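Enquirer: Sequence first, predicted model second:
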There are 2 protein chains.
Amino acid sequence: MQVSDINNYINQVSIDCVIFGYQNQKLKVLAPKLILKGDLWALPSGFIQQEEGIDQAAARILEERTGIKNVFLDQFHVFGNVPRTNNDVIAKIVDLNQDRVKDVGLDETYFEWLKQRFISIGYYALVNADEVVPTLTFFDESTEWYELENLPKMVMDHNEIVAKGLEALRLNFDNQFTRFKVLPEKFTMKELQELYEAVYDKPFRSNNFQKKMLDLNVLERLEKKFTGAANKAPYLYRFKA
Amino acid sequence: MQVSDINNYINQVSIDCVIFGYQNQKLKVLAPKLILKGDLWALPSGFIQQEEGIDQAAARILEERTGIKNVFLDQFHVFGNVPRTNNDVIAKIVDLNQDRVKDVGLDETYFEWLKQRFISIGYYALVNADEVVPTLTFFDESTEWYELENLPKMVMDHNEIVAKGLEALRLNFDNQFTRFKVLPEKFTMKELQELYEAVYDKPFRSNNFQKKMLDLNVLERLEKKFTGAANKAPYLYRFKA
DNA sequence: ACAAAAGTGTTCAGCCTACACCCATGC
DNA sequence: GCATGGGTGTAGGCTGAACACTTTTGT
């Protein structure tokens, strides 16, 4: 991050990404832990360049933080009620990490810029957690996946942003689940059901679930999958083109 | 509008208000006509002050343009894909209205500021059109209510913003209609139905409509309303506190 | 008595839920 | 054959739409 960059960003506007990850039949959220004495987390965030659209910016930020390209992202809300600054947290981090400040080429101007009031546009995405290779920024100590029940304390209104992002994910999931690349190319109905159960955190009945899915008319039934298990072989499905 | 104001605004962020008005059983949109040779309209817009939240800013902008206070406003989308500037339109208006520029205390700095790229937060509201006393800005020739079918050509993506605002209004109407102050304190079921029919631009069956409304459990039935007409007197209703 | 419009009841179809049953597979 | 889990069928309940009917009011 070069200081010159801040001149190319839109001022006082940020993008916060609620990156949901699917892993071991569980829905998780990616959250960097801030490099502080206390325990405090944040959402992966970034800023909007003058030449790029906001959707584009969100995709770039997500790629910078996770290494994953071509992810479907959806904007869900803008958070901009005052007071909304990270003033004290940034000051503390800078203070505690003086030794690293020069190494990474940051300077006081940048930190002051960050301490302004920000309006933040919330985006959510759903990715395969195992594909993610998190990149740490100057402010991060580590980045981990957290289950929604164990979500740690986050800066400002970031906990609220996650809650609203989850709400939006669930609300739109029937229309969007084919666009998230979390299942293998070919998958069984059971695998799709497990994904649904993770997202909504509740069980579905397999027969009714299958009926609902097939009625959506977005699945293509393929050959059967012989697993070697002592039971009927399930069909494989693929999303229609 | 003082030039000094732009230093107190958040840069490159605006708020566009889709102000729906109810009048003569019709749903309309408030749109100022730009003071140009050609015919071009825009949405009432404004900017966010450093000390105010975005919801607050939207309420202030709406009040500045319509004179109405305490209106329920809902944020529905952010528009921020590039290119998104009013460059040419502003240049033309300034050029055509040189004589008025100094009178109203505007200067080149302000116009240059306006020509930047803007990210715009969309809000919608629904008001009683007859209560509105529109205020004209430097850029407006007039301000009128337009029925949705006759919506004129607007700058940038403003037509799209209206479309998305209408979609949001309809989507949330069952949950929000009690918060819009467009009906009199006491109203008949028929009056409520006419409002619904205006919003959704389709007829409802009075018996099914009544059942649905009463099931929502937000209406309080009051005394009958004797109009003098040669038919059964309808009940009056009030929104529950 | 009658017309006009408000209000109520009732049936029908569609959808989701829940329970029961049948089928393929490997031991 | 039998346990296991996939897949299908069907009855019950809820919701919303359409139709028919009853009630109230002023002329």
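Expert: Looks like it arrived, so ask away. This is a predicted model, so every value here is computed, not measured.
Enquirer: give me phi/psi at residue A:138?
Expert: phi -60, psi -30 (degrees, to the nearest 10).
Enquirer: Check what pLDDT it gets.
Expert: At residue A:138, the pLDDT value in this model is 88.
Enquirer: got any ranges where chain A has weak pLDDT?
Expert: A:1-4, A:224 (pLDDT under 70).
Enquirer: for it, longest helix please?
Expert: helix A:158-176 (DSSP state H).
Enquirer: which bits of chain A sit near DNA strand C?
Expert: A:205, A:207-208, A:211-212, A:215, A:224, A:226, A:228-233 (Cβ under 7 Å from any atom of the strand). Where C-beta positions appear, they are placed from N, C-alpha and C, glycine not excepted.
Enquirer: Would the longest helix of chain A count as contacting chain B?
Expert: No. Using Cβ under 8 Å from any Cβ of the partner chain, we find that helix A:158-176 stays clear of chain B, coming within 10.4 Å at best.
Enquirer: what are the C-alpha coordinates of that helix, in PDB please?
Expert: Output of helix A:158-176 as PDB, limited to C-alpha atoms (Å, rounded to 0.1, in the frame of the first residue of the first chain):
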ATOM      1  CA  HIS A 158     -19.100  -4.800  12.300                       C
ATOM      2  CA  ASN A 159     -21.000  -7.300  14.300                       C
ATOM      3  CA  GLU A 160     -24.200  -5.700  13.100                       C
ATOM      4  CA  ILE A 161     -22.900  -5.700   9.500                       C
ATOM      5  CA  VAL A 162     -22.400  -9.500   9.700                       C
ATOM      6  CA  ALA A 163     -25.900 -10.000  11.100                       C
ATOM      7  CA  LYS A 164     -27.400  -7.900   8.300                       C
ATOM      8  CA  GLY A 165     -25.200  -9.700   5.700                       C
ATOM      9  CA  LEU A 166     -26.400 -13.100   6.900                       C
ATOM     10  CA  GLU A 167     -30.000 -11.900   6.700                       C
ATOM     11  CA  ALA A 168     -29.400 -10.800   3.100                       C
ATOM     12  CA  LEU A 169     -27.700 -14.100   2.200                       C
ATOM     13  CA  ARG A 170     -30.600 -16.100   3.500                       C
ATOM     14  CA  LEU A 171     -33.200 -13.900   1.900                       C
ATOM     15  CA  ASN A 172     -31.600 -14.200  -1.500                       C
ATOM     16  CA  PHE A 173     -30.300 -17.700  -1.300                       C
ATOM     17  CA  ASP A 174     -32.900 -19.500  -3.400                       C
ATOM     18  CA  ASN A 175     -32.200 -17.100  -6.300                       C
ATOM     19  CA  GLN A 176     -28.400 -17.000  -5.900                       C
END
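Enquirer: Pull up the residues of chain A that are close to DNA strand D.
Expert: A:188-190, A:206-207, A:210, A:224, A:229-235.
Enquirer: Please pick the buried ones from those residues.
Expert: A:188, A:189, A:210, A:234 (16 or more other Cβ atoms under 10 Å in any protein chain shown).
Enquirer: Tell me the one of these nearest chain B?
Expert: Nearest to chain B among these, counting by Cβ to the nearest Cβ, is residue A:210 at 28.9 Å.
Enquirer: can I assume that closest one sits in a helix?
Expert: Yes. Under DSSP: H, G, I helix; E, B strand; the rest coil, residue A:210 sits within a helix.
Enquirer: if we can go back for a sec, let's have the residues of chain A next to DNA strand C in CSV, adding secondary structure and distance to residue B:134.
Expert: CSV is the format used below for those (DSSP: H, G, I helix; E, B strand; the rest coil; distance: Cβ to Cβ, whole Å):
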residue, secondary structure, distance to residue B:134
A:205, coil, 56
A:207, helix, 58
A:208, helix, 53
A:211, helix, 53
A:212, helix, 49
A:215, helix, 49
A:224, strand, 67
A:226, coil, 71
A:228, coil, 74
A:229, coil, 71
A:230, coil, 75
A:231, coil, 70
A:232, coil, 69
A:233, coil, 69
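Enquirer: who touches stretch A:23-31?
Expert: A:18-22, A:41-44, A:65-66, A:128-130, A:132, A:134, A:143-148, A:151-152, A:154, A:162, A:194, A:197-199, A:201 (Cβ atoms under 8 Å, 6 or more residues apart in numbering or on different chains).
Enquirer: possible to save the buried ones among the residues of chain A next to DNA strand D as a markdown table with distance to residue A:138 and secondary structure?
Expert: Output for these, formatted as a markdown table (distance: Cβ to Cβ, whole Å; DSSP: H, G, I helix; E, B strand; the rest coil):
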| residue | distance to residue A:138 | secondary structure |
| --- | --- | --- |
| A:188 | 44 | strand |
| A:189 | 45 | helix |
| A:210 | 49 | helix |
| A:234 | 48 | coil |
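Enquirer: what's the closest of those to residue A:169?
Expert: residue A:189 (21.0 Å; Cβ to Cβ).
Enquirer: my guess is the closest one meets residue A:238, correct?
Expert: No. Applying Cβ atoms under 8 Å, one finds residue A:189 not in contact with residue A:238, separated by 12.0 Å.
Enquirer: what's the neighbour count on the residue lying closest to residue A:129 once chain neighbours are set aside?
Expert: Once flanking residues are discounted, residue A:129 sits nearest to residue A:21: 3.1 Å by Cβ to Cβ, 6 or more residues apart in numbering or on different chains. Neighbourhood size, residue A:21 [other Cβ atoms under 10 Å in any protein chain shown]: 21.
Enquirer: And for residue A:12?
Expert: Residue A:12 - counted by other Cβ under 10 Å - has 22 other residues nearby.
Enquirer: show me the contacts for it.
Expert: A:116, A:117, A:118, A:119, B:10, B:11, B:13.
Enquirer: same check, this time on residue A:69
Expert: A:59, A:63.
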